[in-house]
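Novice: have a look at this prediction, sequence included:
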Amino acid sequence: MANVLFLDIDGVLNALDHFDLVDADAPPSDKETAFVTAQRSAVGFRESNQPKRWLHALRSFDPNLVVKLNPLVQQQPQLRIVISSTWRMLYALNFIQRFLNYHGFVGELHAVTGTPLAS
């Protein structure tokens with residue numbers, strides 16, 4: 001049987017000291033613009049406020065905290081990661097995966113709480 005990690009986001013993959021370092025009003029970098037554009041294309045956003053929402057979410061993750069998950073998933077390839085955060089209500093699992101990958105995460109998310117975990 002595989003081990004399961006229930007992963008929260010707020011306070012785990014982002015923290016108050018990270019928010020102090022992030023300029024939420026700074027114009028997006030070229031890399032951020034490319035990411036947000038790709039996400040908008042993937043889901044067909046039509047609302048003008050969505051790019052700002054995606055950018056805010058992207059900047060919410062602390063890359064230094066995200067990559068700390070990598071040794072865990074590399075040492076336990078059968079590990080199933082389940083998102084238990086309220087982020088699961090705001091973003092689909094595949095988009096949370098993309099946010100994490102953007103910041104260097106090499107693992108795979110498997111489910112969110114409230115959905116069956118495939119074997």
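Specialist: On my side now, so go ahead.
Novice: only C-alpha atoms, please: export the lowest-mean-pLDDT helix or strand in the chain in CSV.
Specialist: For the chain, counting by mean pLDDT, DSSP states H and E, helix 16-21 ranks last in confidence among helices and strands (a mean of 75). This file holds the C-alpha atoms of helix 16-21, laid out as CSV (Å, rounded to 0.1, in the frame of the first residue of the first chain):
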residue,chain,number,x,y,z
LEU,A,16,3.8,35.4,6.0
ASP,A,17,7.5,36.2,5.7
HIS,A,18,7.3,35.2,2.0
PHE,A,19,4.4,37.7,1.5
ASP,A,20,6.5,40.4,3.0
LEU,A,21,9.1,39.8,0.2
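Novice: so what touches that helix?
Specialist: Outside helix 16-21, the residues that touch it by C-beta atoms under 8 Å, 6 or more residues apart in numbering are 60, 62, 65. Glycine gets a C-beta too; all of them are placed from N, C-alpha and C.
Novice: following that helix, which helix or strand shows up next?
Specialist: Downstream of helix 16-21, the first helix or strand assigned by DSSP states H and E is helix 30-43.
Novice: now find how far off-centre that next one is within its chain.
Specialist: From the chain centre to the centre of helix 30-43 is a distance of 14 Å (C-alpha atoms, centre = their mean, to the nearest Å).
Novice: rounded mean pLDDT for it, please.
Specialist: Mean per-residue pLDDT for helix 30-43: 78.
Novice: quick one: buried residues of the next helix-or-strand element following that helix?
Specialist: Sequence order places helix 50-60 as the next helix or strand after helix 30-43, per DSSP H and E. Neighbour-count burial for helix 50-60 flags 51, 54-55, 57-60 (criterion: 16 or more other C-beta atoms under 10 Å).
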